[in-house]
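no sequence for this one, just the structure:
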Ligand SMILES: Nc1ncnc2c1ncn2[C@@H]1O[C@H](COP(=O)(O)OP(=O)(O)OP(=O)(O)O)[C@@H](O)[C@H]1O
């Protein structure tokens, strides 16, 4: 459904009074996310995960330069190529809670999101959506500053998914959630994929990625190192094709930090 071909992102910076240079941030990313799958994009902080998500929705800063092709079912994604309008077929769950409007009640923001996506909802349907993310009906009347960080994150998920988009890009969707709430959110994203949606889940947490995704794409230093099937992250990781992926897997606390020096080297390469 979603296809990225040779996508690169750089930032223009002044390196003198007049002259500007481009500082590369992401380079040559090729990626597809298919209908019915959760693709996890995993990488350390600063790897470029959010940049990629923001590029798809055309919300990078003015000084960003995006190259390459982004398409949804073969049609170019205009927002990624500098167009103004974002397709209602795709929705972003942003990492930052500041994307909520501080002056509008949570229920209003949910209602607007449904309308923007062309799916007007009744009050009961809005409440049902909140409840599917473990939020009570009372949240409808609250302002964002009156809900906890974890509740705000679930509200962002409800806002992104209420109009039933075909592609959901969820940037660190479990950040700040307790294990039960995180599991509710991840199961919800999994269910959406199982019902034919495509989900690009961005996370720095390999365990989260492995437990709910079909494939895991690994981003490091602005490059996509490769994509592994999620079920290859098991045991000693012998089915993983990339040494970096194996090292990452063996370095997980539950795997007793068993990465060998060679594998540790691969992680830092
Ligand atoms: N406006 C900007 N100008 C210049 N460089 C930027 C800008 N925004 C981001 N970057 C650089 O792009 C890189 C990737 O940032 P990004 O926010 O995508 O990381 P991330 O992988 O999402 O990290 P995290 O998990 O911490 O959110 C960072 O090294 C950052 O310095």
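Good, I have the coordinates. Fair warning: this is a prediction, and the values are worked out from it, not measured in the lab.

tell me the SS of residue 59?
coil (DSSP: H, G, I helix; E, B strand; the rest coil).

give me the beta-bridge partners of residue 228?
Residue 228 forms beta bridges with residue 216, as assigned by DSSP bridges.

which residues touch it?
Residues in contact with residue 228 (CB atoms under 8 Å, 6 or more residues apart in numbering) are 215-216, 218, 240-242, 245. Every C-beta, even on glycine, is put in place using the N, C-alpha and C of the backbone.

how does it look with 10 Å?
By CB atoms under 10 Å, 6 or more residues apart in numbering, the contact set of residue 228 is 40, 42, 210, 215-218, 237, 239-242, 244-246, 248-249.

now the residues you listed: which count as buried?
40, 42, 210, 215-218, 237, 240, 242, 244-246, 248-249 (16 or more other CB atoms under 10 Å).

surely residue 88 and residue 160 touch.
No - contact criterion CB atoms under 10 Å: residue 88 and residue 160 do not qualify, at 11.6 Å.

overlap in contacts of the two?
Going by CB under 10 Å, 6+ apart, residues that sit against residue 88 and also against residue 160 are residue 117.

who has more neighbours, these two?
When residue 88 and residue 160 are compared for neighbours, residue 160 comes out ahead with 21 against 14, by other CB atoms under 10 Å.

tell me the secondary structure at the residue in the stretch 51-200 of the chain that the ligand sits nearest to.
Here the stretch 51-200 of the chain gets closest to the ligand at one residue, residue 51, 3.6 Å apart by CB to the nearest ligand atom. Following three-state DSSP, we place residue 51 in the helix state.

residue contacts, it?
9, 11, 25-26, 29, 60-61, 64, 66, 219, 222.

repeat the analysis, applying 7 Å as the threshold.
Residue 51 is in contact with 9, 25-26, 60, counting by CB atoms under 7 Å, 6 or more residues apart in numbering.

just the ones of those residues in strands?
9, 25-26 (DSSP state E).

among the residues you listed, which one sits closest to the ligand?
Of the ones in strands among the contacts of residue 51, the one sitting nearest to the ligand (CB to the nearest ligand atom) turns out to be residue 25, at 4.1 Å.

what helix or strand is residue 67 on?
strand 64-72 (DSSP states H and E).

please pull up the helix or strand immediately following that strand.
strand 75-76.

that next one: how far from the chain's middle?
How far strand 75-76 lies from its chain's middle: 20 Å, per CA atoms, centre = their mean, to the nearest Å.

partners of the following helix or strand past that strand, with directions?
Downstream of strand 75-76, the next assigned helix or strand under DSSP H and E is strand 90-93. Neighbouring strands of strand 90-93 in its sheet, by DSSP bridges, are strand 167-171 (parallel).

beta partners for the residue lying closest to residue 90 once chain neighbours are set aside?
Ranked by CB to CB, 6 or more residues apart in numbering and with sequence neighbours excluded, the top spatial neighbour of residue 90 is residue 167, at 4.2 Å. Per DSSP bridges, the residues bridged to residue 167 are residue 90, residue 198.
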